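From the sequence below, what's the structure:
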Amino acid sequence: MKIVVFIIAEKVFRDEEYLVPKEVLAKAGIKVITASTTTGEAIGKLGLKVKPDTLVSQIDVDKLDALIFIGGGGAEQYFNDPIAHRLAKEAVEKEKILGAICIAPVILANAGLLKGKRATVFPSGADSLKKGGATYTGGDVEIDGKLITGCGPEAAEKFGTELVKMLLP
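Predicted coordinates:
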C-alpha cells in the first residue's frame, strides 16, 4: 500500500486542501498519514478539527511514498523551519514524491528545492518562488519530475487526482 504524509499547520491550514486530496487518495486505496507540530488538535481556517497521527519531527521519509505540505496561512510556520526543510530535501534525495499546495510551495522554495523547476503557488507566493529559482507558471497544478505543486483550494481536487496518477502510474 502506498503511504502519503500530509503536513498541516497547527492553526489556519486550508480545510479543503487537506480534505479533498485526502479523499481522492483514500478512494484510490492510498493511506494518508497526517503530521503536524502537535498531536493534539490542529484547526483549519474554516474550523475543521484534525487530530494529527504523528509529529513532523517523527516522520520517517523511508516509510513513505510522498510528502505533501498543505497550504493555508498557517503553513507560514514551516517557511523557514529547519525540520520541514530537512524532510523535503530528504524526500528529494530518496526520490520520493514531494508536493505542496496553496502558499506551501514557498517552503520548498526556501529549502532550495525549486531551482530550475516548474512550479505554481498561491499568487501571493509567486515572488518567493521566483527568488528560489523556480519557473513560476501560475497554473492550477504543475508537475516537474517527482515534484507537484498546486495553487490553492480551487485546485485541491486536481492536485489529489494528479498525485494519484504519480503514485499509481
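
What distance do you get for the spatially most central residue of the chain to Ala100?
By C-alpha atoms, centre = their mean, the chain has its centre lying nearest to Phe69, at 2.2 Å. Using C-beta to C-beta, to the nearest Å, Phe69 is found at 4 Å from Ala100. The way it works is simple: take the backbone N, C-alpha and C, and place the C-beta from them, glycine included.

Need the residues touching each of the two.
107-108 (C-beta atoms under 8 Å, 6 or more residues apart in numbering).

residue at max distance from the center of this protein?
Of all residues in the chain (C-alpha atoms, centre = their mean), Gly40 lies farthest out, 20.4 Å.

Might you report the residue contacts of the residue lying closest to that one once chain neighbours are set aside?
By the measure of C-beta to C-beta, 6 or more residues apart in numbering, the closest residue to Gly40 outside its immediate chain neighbours is Lys51, 7.3 Å from it. Going by C-beta under 8 Å, 6+ apart, Lys51 touches 39-42.

So which of these wins on neighbours?
When the contacts of Lys51 are compared by neighbour count (other C-beta atoms under 10 Å), Ala42 ends up highest, at 24 neighbours.
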